[in-house]
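J.: pasted the sequence and its predicted model underneath.
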Amino acid sequence: EVQLVESGGGLVQAGGSLRLSCAASGFSFSDYFMNWVRQAPGKGLEWVAGVSWNRGSTTYAESMKGRFTISRDDAKNMLYLQLDSLKSDDTAVYYCTKSRRDRCAGHGCYFFDVWGQGTQVTVSS
């Protein structure tokens with residue numbers, strides 16, 4: 001069974017940091033483009049960042065650049081998201097998700113299938 005399990009969320013003051021983790025199982029993790037997506041209260045899903053399956057290239061939503069860092073450890077089947085300089089607008093449930101296709105390229109990497117249950121990040125001002 002393919003599973004993604006997030007952890008590491010919590011309550012933090014504005015300006016603080018958190019590190020989110022996502023444990024993957026049931027598929028060949030190293031062959032998949034992995035992403036973080038978030039959903040703020042009352043809002044839709046917002047893509048946060050992605051990391052490629054090959055050289056580990058990273059991409060970010062514009063508003064997260066310089067504050068968030070996505071990384072992966074293929075030996076441990078783990079995905080991470082370091083959140084720094086947090087703002088109240090970052091309050092959301094953060095989800096880990098995988099690309100639908102393995103060894104994807106370009107826009108084909110941005111179709112997601114399996115999602116984790118999410119981890120809540122709350123930033124107090």
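T.: Nice, I can see it. Residues are numbered from 1 along each chain as shown.
J.: from now on I want contacts and neighbour counts done on CA atoms only, so please keep to that.
T.: Fine.
J.: average pLDDT for stretch 103-114?
T.: Mean pLDDT, stretch 103-114: 90.
J.: what comes into contact with that stretch?
T.: 2-4, 31-33, 53-54, 97-101 (C-alpha atoms under 8 Å, 6 or more residues apart in numbering).
J.: which of the residues you listed has the weakest pLDDT?
T.: Scanning the contacts of stretch 103-114 for pLDDT, the smallest score is found at Asn54, 84.
J.: would you confirm that it contacts Met34?
T.: No. Asn54 is not in contact with Met34 according to C-alpha atoms under 8 Å; the separation is 11.0 Å.
J.: who's more crowded, the two?
T.: Comparing Asn54 with Met34 by neighbour count (other C-alpha atoms under 10 Å), the higher total belongs to Met34, at 28 against 13.
J.: report all helices and strands that the lengthiest strand in the chain contacts.
T.: Using DSSP state E, we find that the single longest strand of the chain is strand 92-102. In terms of contacts (3 or more C-alpha pairs under 8 Å, 6 or more residues apart in numbering; DSSP states H and E), strand 92-102 is packed against strand 3-7, strand 32-39, strand 112-115, strand 119-124.
J.: what about the closest residue to Ser21 other than its chain neighbours, which helix or strand?
T.: Sequence neighbours aside, Tyr80 is the residue nearest to Ser21 in space, at 4.5 Å (criterion: C-alpha to C-alpha, 6 or more residues apart in numbering). Assessed by DSSP states H and E, Tyr80 sits inside strand 78-83.
J.: related to what we said a few turns ago, now the angle between strand 3-7 and the longest strand of the chain, please.
T.: If you take axes from the mean of the first three to the mean of the last three C-alpha atoms, to 10 degrees, strand 92-102 sits at 150 degrees to strand 3-7.
J.: picking up where we left off before, shared neighbours, Asn54 and Met34?
T.: Common neighbours of Asn54 and Met34 (C-alpha under 8 Å, 6+ apart) do not exist.
J.: distance of Lys65 from Leu20?
T.: Using C-alpha to C-alpha, to the nearest Å, Lys65 is found at 16 Å from Leu20.
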